[in-house]
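**Q** build me a structure from this.
(one chain, ligands or ions: 1)
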Amino acid sequence: MLRVAEHFHKSDTGRQRRANEDSLFARSPLFVVADGMGGAQAGEVASRIAVEAYERGLPGTGGAEERLAAVAQLANQRIHDLGVQDPTRSGMGTTLTAALVDGEVVSLAHVGDSRAYRMRAGELQQLTVDHSLVGELVRRGKLTEAEAQDHPQKSVITRALGVEAHVEVDTISYSAQAGDLFLICSDGLTTMIDDDLIADVLRDSKTLSQAGQRLVDEANESGGRDNITVILFRLEELAAGESAPATPVVDDTTMVGALSPTTADVNAALRSQERVVEASAASLAAIQEPQRRGPRLPRRQNRDSQSSPRRRRKRWLVALFGGVVLVAVIGVAVWMGTRAVFFIGTNDAGFVTVYRGLPFEGPFDTKLYETYYISGVPAAGLPASRRSTLLDHQLRSRTDASDLVRKIELDQLDDK
Ligand code: MG
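**A** Below you'll find the predicted structure:
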């Protein structure tokens, strides 16, 4: 029977990001790293929802992999629902790598490009498969590990928690031994330093905390371009008569409820969203009031007697105000409409890109669209026949546009 002898965890913002969108959870025997994505702090929210789902415990029944995957699915649903409710968080997501020490086995649940490694007898082995564009290229033999390390699209992931209503979660179990050292980390570590250096640091460090700190330092010294999160844990044999720490367990019904209102941040986000909706409704009601009440009886009865220049000016002002308000309401409605439609085109750098909004430009350089997702596929690399049909600026749903671009990315792999 094995137990976690010691563990280390650290999350560092790195040198180029202002915020840390990684989250972690480390409480023996469960360890989780999540690397969020999405603007306006959405990535931070997504990764935190993922780790908090684990913090609340695993289901009481089922095998280790099944229990880990069940929590991943709940977190996926929660993040996705929040993204759908709030347009500013639309499309947010997170990677997830979770490890559970269970008897003589370490089980993993994994989505995205965070990684788990095992160091045994001085040899480092990667235990997870990157769900990323360059990961696919490496597996297909189109790129070497070294080329992948420097690839401009190395941060493009092909699977994440929360982006779609359904997610495929990889699970796998490895038999473990006393002395095994496990590393779980975000891509802020592995895109900055290679596996050889990671292995050297783990081999050469005297203590676990020295090893963990050195990994973070090495990633920062190599540029620190992304948030860096590192969890290390070492296993040892359980002495006779001792018992391993229990995994926090919640029953399945509690878990569903527990995931509804989660963190203070998420609640705050929801509350602020409600405030926006309420404010819009209130101002709409307020501005529609004069239009509705204008032609009503009490004033009409006295129309003749009140048809003075002053009265006419007042009516004219009310009409003008109503017109302005109507234009504003229509403007807001159009703007909200543009948030719900997407189209595919090519960005200035020539990459196939998903845009949110309408494919038009207004006066004074205003645009009715914004960049939503830049793929790793150069438009020039598409066959001419595909180019005209795919980059036609046809309006699509977010799912359609995202699915199509994902297919383009994978077809592009086939064509290479
Ligand atoms: Mg990252």
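**Q** surely Arg139 meets Val129?
**A** Yes: shown here, Arg139 and Val129 form a contact pair, counting by C-beta atoms under 8 Å, at 7.5 Å. Using the backbone N, CA and C atoms, a C-beta is placed for each residue, glycine as well.
**Q** and the two? Which one has more around it.
**A** Val129 (15 against 12; other C-beta atoms under 10 Å).
**Q** what's near enough to touch that one?
**A** For Val129, the contacting residues are 110, 135, 139, 170, by C-beta atoms under 8 Å, 6 or more residues apart in numbering.
**Q** for the stretch 301-416 of the chain, what spans make up the strands?
**A** For the stretch 301-416 of the chain, the strands defined by DSSP state E, counting those that start in this stretch occupy 342-346, 351-361, 367-378.
**Q** not counting the last one itself, show me its contacts.
**A** Going back to what we said before, that points to strand 367-378. 91, 133, 152-153, 156, 338, 342-343, 347, 350-362, 398, 401-402, 405, 408-409, 412.
**Q** are any of those buried, and which?
**A** For those, a burial check counting by 16 or more other C-beta atoms under 10 Å picks out 91, 133, 153, 156, 338, 342-343, 351-359, 398, 401-402, 405, 408-409, 412.
**Q** the residues you listed also near the ion: which ones?
**A** Filtering those for proximity to the ion by C-beta under 5 Å from the ion leaves nothing.
**Q** residue numbers of the stretch 201-350 of the chain in contact with the ion?
**A** So the stretch 201-350 of the chain meets the ion at Asp226 (C-beta under 5 Å from the ion).
**Q** not counting sequence-adjacent ones, nearest residue to the closest residue to the ion within the stretch 201-350 of the chain?
**A** Nearest to the ion, among the residues of the stretch 201-350 of the chain, is Asp226, at 4.2 Å (C-beta to the ion). Nearest non-adjacent residue to Asp226, counting by C-beta to C-beta, 6 or more residues apart in numbering: Gly188, 3.6 Å away.
**Q** show me what contacts the one you found?
**A** 12, 14, 22, 35, 219, 224-229.
**Q** returning to what we had before: just the contacts of Val129 now: which is nearest the ion?
**A** Within the contacts of Val129, the smallest distance to the ion is 13.9 Å, found for Gly135 (C-beta to the ion).
**Q** pLDDT value on the most centrally placed residue in the chain, please?
**A** The centroid of the chain falls nearest to Gly93 when counting by C-alpha atoms, centre = their mean (1.8 Å). Model confidence at Gly93, given as pLDDT, is 96.
**Q** tell me how many other residues surround the closest residue to it other than its chain neighbours.
**A** Once flanking residues are discounted, Gly93 sits nearest to Ala160: 3.6 Å by C-beta to C-beta, 6+ apart. Residues within reach of Ala160, counting by other C-beta under 10 Å, total 26.
**Q** how about the helix or strand where Ile231 lies: buried residues?
**A** According to DSSP states H and E, Ile231 maps onto strand 228-237. By neighbour count on 16+ other C-beta under 10 Å, the buried set for strand 228-237 is 228-235.
**Q** for stretch 173-180, same thing?
**A** Neighbour counts over stretch 173-180 (16+ other C-beta under 10 Å) mark 173-174, 176, 180 as buried.
**Q** that stretch spans what distance, first to last residue?
**A** 14 Å (C-alpha to C-alpha, to the nearest Å).
**Q** got the strands of the stretch 301-416 of the chain as JSON lines, with mean pLDDT columns?
**A** Output for these, formatted as JSON lines (pLDDT from 0 to 100):
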{"stretch": "strand 342-346", "mean pLDDT": "85"}
{"stretch": "strand 351-361", "mean pLDDT": "82"}
{"stretch": "strand 367-378", "mean pLDDT": "80"}
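**Q** between these, which one is nearest to Arg78?
**A** Minimum separation from Arg78 across the strands of the stretch 301-416 of the chain (C-beta to C-beta) falls at strand 367-378, 21.8 Å.
**Q** who does that closest one pair with, and is each partner parallel or antiparallel?
**A** strand 351-361 (antiparallel) (DSSP bridges).
**Q** kindly export the strand it pairs with (C-alpha atoms) in PDB.
**A** Output of strand 351-361 as PDB, limited to C-alpha atoms (Å, rounded to 0.1, in the frame of the first residue of the first chain):
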ATOM      1  CA  PHE A 351      -4.500  32.600 -40.600                       C
ATOM      2  CA  VAL A 352      -8.000  31.100 -40.700                       C
ATOM      3  CA  THR A 353      -9.900  32.900 -38.000                       C
ATOM      4  CA  VAL A 354     -13.300  32.800 -36.400                       C
ATOM      5  CA  TYR A 355     -14.900  36.200 -35.900                       C
ATOM      6  CA  ARG A 356     -17.800  37.200 -33.700                       C
ATOM      7  CA  GLY A 357     -20.300  39.600 -35.200                       C
ATOM      8  CA  LEU A 358     -21.300  40.700 -38.700                       C
ATOM      9  CA  PRO A 359     -18.700  40.800 -41.600                       C
ATOM     10  CA  PHE A 360     -19.100  44.600 -42.100                       C
ATOM     11  CA  GLU A 361     -17.300  47.700 -41.400                       C
END
